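> Mind folding the following:
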Amino acid sequence: APPLGATSLLEYDAVRLFVERAHAVVPTFHLAENNAHAVVEICQRLDGIPLALELASARVNVLTAGQIAARLDDRFALLTNGSRAAHVAHHHTLRAAIDWSHGLLTAEEQTLFRRLAAFAAGFTLDTAEAVCAGEGLAEKRVLDVLASLVDKSLVVAETTSRAQARYRLLETIREYAREKLDAAG
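Next up, the predicted model:
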């Protein structure tokens, strides 16, 4: 299929949100052929997470869309700007918002959450039980704790059109979980 033009990209919610917020920061910002690829990359790499897109779009006053996309390897450092975030203190940075959500998890949920960071390409329940159980998380509890993380939108469940359900973390969430895993040793 031919690549989508800049105008048709605005049909995607994430692209439209980024462009609207960027335009609010820099009124001359608009989606064009010269920045469309970078805007799509930003939206994909930030998993379409509205807070992340809003924080990224706030940077168009100092960076081009291409520069924002290039700096997303360290998204938690890049995505800080209280003026564009919600007025609630725990939403002033993407990290703070995820920290706040993480703090609401039970000890079992936190344990499974950080251990799931080991799965870059997704996982099944069987692999989660085999790899993540132990030291504070019984194998028989993995299903219930995983279901709780799915309910809290920290894990994405793909349960249709498959013989066996698969699960994954959004890349932004997986990066955060990996940091927690590293910190836990």
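> For this structure, just list every one of the helices.
Per DSSP state H, the chain carries helices over the ranges 6-9, 13-25, 36-45, 50-57, 65-70, 75-78, 94-103, 107-115, 125-132, 142-151, 171-184.
> Select, out of those, the one closest to A163.
Among the helices of the chain, the nearest to A163 by CB to CB is helix 125-132 (12.5 Å). (Glycine included, C-beta is placed from N, CA and C.)
> quick one, the closest one and helix 107-115 angle?
Here helix 125-132 runs at an angle of 100 degrees relative to helix 107-115 (axes from the mean of the first three to the mean of the last three CA atoms, to 10 degrees).
> coming back round to it: and of the helices of the chain, who's closest to T160?
For T160, the closest of the helices of the chain is helix 142-151, at 13.9 Å, according to CB to CB.
> could you say what helices and strands the closest one packs with?
Packing contacts for helix 142-151, counted by 3 or more CB pairs under 8 Å, 6 or more residues apart in numbering; DSSP states H and E, involve helix 107-115, helix 125-132.
> need the contact list for the nearest residue to V150 once chain neighbours are set aside.
Of all residues not flanking V150 in the chain, A157 sits nearest, at 4.8 Å (CB to CB, 6 or more residues apart in numbering). The contact partners of A157, by CB atoms under 8 Å, 6 or more residues apart in numbering, come to 150, 165-167.
> before we move on, what about F29?
Listed by CB under 8 Å, 6+ apart, the contact set of F29 reads 19, 22-23, 60.
> any idea which of those has the most stuff around it?
Among these, the one with the most neighbours (other CB atoms under 10 Å) is A22, at 27 neighbours.
> surely that one meets L55?
No. At 11.4 Å, A22 and L55 do not qualify as touching, with contact defined as CB atoms under 8 Å.
> So what's the residue count around the nearest residue to V15 once chain neighbours are set aside?
Ranked by CB to CB, 6+ apart and with sequence neighbours excluded, the top spatial neighbour of V15 is L9, at 4.8 Å. Counted with other CB under 10 Å, residues neighbouring L9 total 19.
> same question, the one 3 residues further on
Each residue near Y12 was counted by other CB under 10 Å, and the total is 15.
> And for T127?
By the criterion of other CB under 10 Å, T127 has 14 neighbours.
> Now do the contacts for it.
Residues counted as contacts of T127 (CB under 8 Å, 6+ apart) are F119.
> go on, L116?
123, 128, 132, 149, 155, 167, 169, 174, 177.
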